[in-house]
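Asks: make a model of this:
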Amino acid sequence: MFQRGVVAIGRLTVNGIWKIGAGTAFIGNVIARSKMTFARPRLFINEIYFAGTLSLIIIVVSGLFVGLVLGLQGYETLKRYGSAEAVGTLVALSLVRELGPVVAALLFASRAGSAMTAKIGIMKSSDQLSAMEMMAVDPFQRVITPMFWGGFFSMPLLAAIFSAMGILGGYLITVVVIGVDGGAFWSQMQASVDFQGDILNGIYKSIVFGFAVNAIALFEGFDCLPTAEGVSRAVTRTVVTSALAILALDFVLTAFMFTGA
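Replies: Numbering: from 1, shown residues only. As a prediction, the model looks like this:
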């Protein structure tokens, strides 16, 4: 029993190290072959539509409801201390610093990341990538690289839209429904939210999350077994690994940002 456990741990360790090495080499190839992506903007724009535009509905709706809940919870808490007008500050800082980038990245991984993995996996299982190589077409330049950069540029925009919709939701529930003074809501928010310390930090987080999610999604699709079961497992790994990576990176980035402050 003990020997089997040691063997299993060793196998997992070796596989994990191999994954890290193969993934790093894969992303290196993607970046090295990125020139064609920007030379053919139509491919790039199509992938922005695939990763970003098709994710707008879930981002907008989720952001609005997160803002509604955050505004309601924040108002009920601040009202006990006579600071109900500061609910705008609470909503804005919570969304811009933390919830906007993190929740948007989790939704992006669930919708766009899984779709990327499935698309690459299906192309691999149906030998479309091999057919491209036989026709002297580089699948990295034609498919993978445009998909990576399209998702990478979409992620910060989606995070910004999520935060904006969340602030709108907080305004609707606290000012329009509950009756908090609208002037106090906006003025305290503007006075408390710092561009450098809050907004830019949220943008930096969304950029890092976008890089990680797209890298994981495309590598899992490219590395999956060329079968239906292999593709389905790759999609599952993409969502799980992306979620864990987002939360771990969020902790690391937040620690650095607070230490720098």
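
Asks: tell me which residue is most central in this protein.
Replies: residue 105 (2.3 Å; C-alpha atoms, centre = their mean).

Asks: tell me which residues are up against stretch 34-43.
Replies: 44, 138, 141, 142, 145, 146, 149 (C-beta atoms under 8 Å, 6 or more residues apart in numbering). C-beta coordinates here come from the backbone N, C-alpha and C atoms, glycine included.

Asks: so where's the protein shaky on pLDDT?
Replies: 1-3, 5, 7, 259-261 (pLDDT under 70).

Asks: what's the single longest helix in it?
Replies: helix 228-260 (DSSP state H).

Asks: against residue 62, how distant is the residue nearest to the centre of the chain?
Replies: 12 Å (C-beta to C-beta, to the nearest Å).

Asks: sorry, back to before: give me the buried subset of the contacts of stretch 34-43.
Replies: 44, 141, 142, 145, 146, 149 (16 or more other C-beta atoms under 10 Å).

Asks: restricted to helices, list these.
Replies: Per DSSP H, the subset of those in helices is 44, 145, 146, 149.

Asks: and the helices in this structure?
Replies: All helices of the chain, identified by DSSP H, fall at 2-32, 35-39, 41-51, 56-79, 87-93, 100-108, 114-125, 128-134, 139, 145-171, 182-192, 200-223, 228-260.

Asks: thinking again about what came up before, could you redo the contacts of stretch 34-43 as JSON lines and give each row distance to residue 164?
Replies: Formatted as JSON lines, the contacts of stretch 34-43 follow (distance: C-beta to C-beta, whole Å):
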{"residue": "44", "distance to residue 164": "24"}
{"residue": "138", "distance to residue 164": "38"}
{"residue": "141", "distance to residue 164": "35"}
{"residue": "142", "distance to residue 164": "35"}
{"residue": "145", "distance to residue 164": "30"}
{"residue": "146", "distance to residue 164": "27"}
{"residue": "149", "distance to residue 164": "24"}
